[in-house]
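Trainee: got a sequence here, can you build the structure:
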Amino acid sequence: MLATKPKLIVILGPTASGKTGLALKLAKIFNGEIISADSRQIYKEMDIGTAKPLQNKKSNIKNKNDRLKIKIIENVPHHLIGIIKPNQRFNVALYKKLALKAIKNIHQRGKLPFLVGGTGLYIQAIVDNFDYPKIKPDWKLRKKLGVKTAKHLFSLYKKLDPEGAKKIDKNNKRRLIRAIEVCRLAKSPFWQQRQKKEPLFDVLQIGIKLSENQLKKNIARRTKKMFKAGLEKETKKLFKKYGKKLPALQTIGYEEFKDYKGEKRIIKDYKGVAERIKKHTFQYAKRQMTWFKNDSRIRWVKDYNEAKVVIKRFTEDSM
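Mentor: Just a heads-up that it's a prediction; the model follows:
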């Protein structure tokens, strides 16, 4: 009899779709722990602008790797949230390495891992066990590309890798620069260099799909909450410490604050900035859905009750 693979639950969907709340409720009833699959919540200090769930209790779970620090949120352990500084280098290969360690530790404790987020590249690396090209950075090339706009970078990348251009976030300068770098140094399209290995887990992918109207309402509500929580103050602090050109800070929620001048107030028109954040967030959510729609394995659900039934069947299978 073939040995069954360890189980992994994935909760995915566009930004502001309610993934965090749903995952918390499900993890509580299924004895689970959460691994973040969010390419921005990975950073320290970027809390309000990334809608990071806030830690309310210290973890007593011991880990050998300092980067696997665990946060306890509503009594549920969370992994890979706020583990590196905004000016530290990070990529999907490193994410995969850390996420796999976290998943292994969760299984060893007899608990069920929930991979939760909206960064399709991170999720795909775990679900499909992709390996990515190990090519050292070309700092001269990166500096040259760094002064170009995201639109120009996307145009360059599209010529080098037409297939990859259909999937990449065309507004993510850091990812575009890396993709161009790999294409040029390896002399072949970035997307063709991925190596898909034997899957490591028995995976159930659950997606949250909302109507455009509901998603826009969620985004508006979350944006308002961010401003009340001190988004301007957080942005000002980050810009002062790291500079507003830092790739990590070219993130929705921060990049819309374009009038920052030294110690002066960042913005005069809250409404204008808030509207830009809402607009850009919705555009990003649509790009996320375009990525997820390509995966026929995702089980789309409407609410918590439907997700609970699907997970119950999945976890009881092969028992």
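
Trainee: just confirm Leu127 contacts Asp202, I think it does.
Mentor: Careful, residue 127 is Val; it's not Leu. No. The pair Val127 / Asp202 is not scored as a contact, 10.8 Å apart, by Cβ atoms under 8 Å. Placement of C-beta: from N, CA and C, glycine included.

Trainee: those two: who's more crowded?
Mentor: Val127 (22 against 13; other Cβ atoms under 10 Å).

Trainee: helices along the stretch 1-150 of the chain, start to end?
Mentor: Secondary structure of the stretch 1-150 of the chain by DSSP state H, counting those that start in this stretch: the helices cover 19-29, 92-108, 120-127, 139-146, 150-160.

Trainee: quick one: buried residues of the second one?
Mentor: Neighbour-count burial for helix 92-108, counted by 16 or more other Cβ atoms under 10 Å, picks out Val92, Tyr95, Lys96, Leu98, Ala99, Leu100, Lys101, Ala102, Ile103, Asn105, Ile106, His107.

Trainee: so what's the last one scoring on pLDDT?
Mentor: It stands for His107. The model reports His107 with a pLDDT of 97.

Trainee: about what we covered before: among the buried residues of helix 92-108, show me the least confident.
Mentor: Among these, pLDDT bottoms out at Val92, giving 88.

Trainee: the residue lying closest to Lys167 once chain neighbours are set aside and His280, how far apart?
Mentor: Once flanking residues are discounted, Lys167 sits nearest to Trp291: 6.4 Å by Cβ to Cβ, 6 or more residues apart in numbering. Distance, Trp291 to His280, using Cβ to Cβ, to the nearest Å: 17 Å.

Trainee: which of those two has more neighbours?
Mentor: Between Trp291 and His280, Trp291 has the larger neighbour count (other Cβ under 10 Å), namely 20 against 17.

Trainee: helix, strand or coil for the more buried one?
Mentor: Three-state assignment for Trp291 (DSSP: H, G, I helix; E, B strand; the rest coil): helix.

Trainee: quick revisit: overlap of the contact sets of Val127 and Asp202?
Mentor: Leu8 (Cβ atoms under 8 Å, 6 or more residues apart in numbering).

Trainee: contacting residues around the nearest residue to Tyr43 once chain neighbours are set aside?
Mentor: Closest residue to Tyr43 apart from its sequence neighbours, by Cβ to Cβ, 6+ apart: Pro86 at 4.9 Å. Counting by Cβ under 8 Å, 6+ apart, Pro86 makes contact with Tyr43, Lys44, Glu45, Met46, Leu238, Tyr242, Leu246, Ala248, Leu249.

Trainee: burial check on the third one, number of neighbours?
Mentor: Which is Glu45. Glu45, neighbours per other Cβ under 10 Å, totals 17.

Trainee: follow-up on the earlier one: list buried residues within the contacts of Pro86.
Mentor: Buried, going by 16+ other Cβ under 10 Å: Tyr43, Glu45, Met46, Leu238, Leu246, Ala248, Leu249, out of those.
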